[in-house]
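> With the input below, show me the fold.
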Amino acid sequence: MDLHTPEDLPDTPAQRAADRRRLLRALNASLGFVLLLAVVFTLQQGEDYRAFTVTPLSAQGLWGMLTAPLLHGSFQHIVANAASLLLLGTLAGSVYPKATVRALPIFWLGSGLGAWLLGEPGSHHLGASGLTHGLMFLVFVLGLLRRDRPSIAAAMIAFFLYGGMLLTVLPQEPGVSWQSHLGGALGGVVSAFLFRHADPLPPRKRYSWELEDEADSDDAELELPKPDDVPVLWHRPREERGVVLPFERRELPGQAPPPRSGPDTQGPG
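Residues are numbered from 1 along each chain as shown. Below you'll find the predicted structure:
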């Protein structure tokens, strides 16, 4: 496994200022989107907004793929999605600013497409929960693919806070659009594979075994020679084959020696 072990970034005032600006940009962008959802929710009151939702397998319902994530059916609905968007959006935007911006259209449309293809005909799907699932799966899968220290930390935080989203992509509660959850999650996974190199990796420590190709000629003297290059200092003398070496049998005290048989002895007559 190609496990990255990055070195610590230099803790300089310029580096701290850059990290702070990146975090503030992600937080402000997430907060601005949440405020947009609040404005749209206020304008929804007393209006018939079903034409802007996703209606499965309906040509008119295709327009809802663009507008449905901005709509919410109740105050509890928008509060739950707003908290998830604020936390996950800040986390993803601060660690992967480029990948998050490029992935947003994919799981935005993916959540609507999942509801349009898999939803029951005549139903209406709305809400930004597909976006929250896309953000969570984006951060989690990028941590598995990149495996540098910030990516692993972000993936662990996302899984600790919203690991239950792994189950909400399946049908559970009536009235909950698991179809849009599934579409957004798939969009996040696809985006992670497409944009895993969009943001540069932090500095990475290199170990001695990775520098073998760059070793200088002095290190070659420490290498053991090949077996064919080792000089032979002693050769075993060649002996004749088929020669029987004599073996004197040890006689015990008080025991007569056994008779010997051979070409000069004669057996019993």
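
> quick one, helices of the stretch 101-250 of the chain?
129-146, 149-162, 178-194 (DSSP state H, counting those that start in this stretch).

> Tabulate those (CSV), appending distance to Gln60, mean pLDDT and mean neighbour count.
Any C-beta I mention is one placed from the backbone N, CA and C, and that applies to glycine too. Putting the helices of the stretch 101-250 of the chain into CSV (distance: least, C-beta to C-beta, whole Å; pLDDT from 0 to 100; neighbours: other C-beta atoms under 10 Å) gives the following:
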stretch, distance to Gln60, mean pLDDT, mean neighbour count
helix 129-146, 20, 94, 26
helix 149-162, 33, 92, 18
helix 178-194, 17, 94, 24
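
> Could you export those as TSV, including distance to Leu201?
TSV is the format used below for those (distance: least, C-beta to C-beta, whole Å):
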stretch	distance to Leu201
helix 129-146	7
helix 149-162	9
helix 178-194	15
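
> pLDDT score for Leu23?
We note a pLDDT of 89 for Leu23 in this prediction.

> Report the separation between it and His124.
Distance, Leu23 to His124, using C-beta to C-beta, to the nearest Å: 37 Å.

> of these two, who's got more company?
The residue with more neighbours, out of Leu23 and His124, is His124; 20 against 15, by other C-beta atoms under 10 Å.

> From the chain's centroid, how far away is stretch 152-170?
In terms of C-alpha atoms, centre = their mean, to the nearest Å, the centre of stretch 152-170 is set 13 Å apart from its chain centre.

> so who does Ser111 touch?
By C-beta atoms under 8 Å, 6 or more residues apart in numbering, the residues touching Ser111 are 68-69, 129-131, 133-134, 180-181, 183-184, 187.

> could you redo the last one with a cut-off of 7 Å?
69, 130-131, 134, 180, 183-184, 187 (C-beta atoms under 7 Å, 6 or more residues apart in numbering).

> How about it, nearest residue that isn't a chain neighbour?
Gly130 (2.3 Å; C-beta to C-beta, 6 or more residues apart in numbering).

> Spatially central, which residue of this structure would that be?
Leu144 (1.1 Å; C-alpha atoms, centre = their mean).

> quick one: the closest residue to it other than its chain neighbours and Ser30, what's the gap?
Excluding the flanking residues, the one nearest Leu144 by C-beta to C-beta, 6+ apart is Ala155, at 6.8 Å. Applying C-beta to C-beta, the value for Ala155 to Ser30 is 18 Å.

> try Ile78
Separation of Ile78 from Ser30 (C-beta to C-beta): 15 Å.

> part of a strand, is Ala92?
No: under DSSP: H, G, I helix; E, B strand; the rest coil, Ala92 sits outside any strand and is assigned helix.

> Could you find the closest non-adjacent residue to it?
Thr100 (4.5 Å).

> what's the burial count for that neighbour?
27.

> got it, and Val40?
Count around Val40 with other C-beta under 10 Å applied: 17.

> Thought Pro69 was touching it, still the case?
No: Val40 is beyond contact range of Pro69, at 9.9 Å (criterion: C-beta atoms under 7 Å).

> List the buried residues of the longest helix along the chain.
If each helix of the chain is counted by residues according to DSSP state H, the longest one is helix 13-44. By 16 or more other C-beta atoms under 10 Å, the buried positions in helix 13-44 come out as 26-27, 29-30, 33-34, 37, 40-41, 44.
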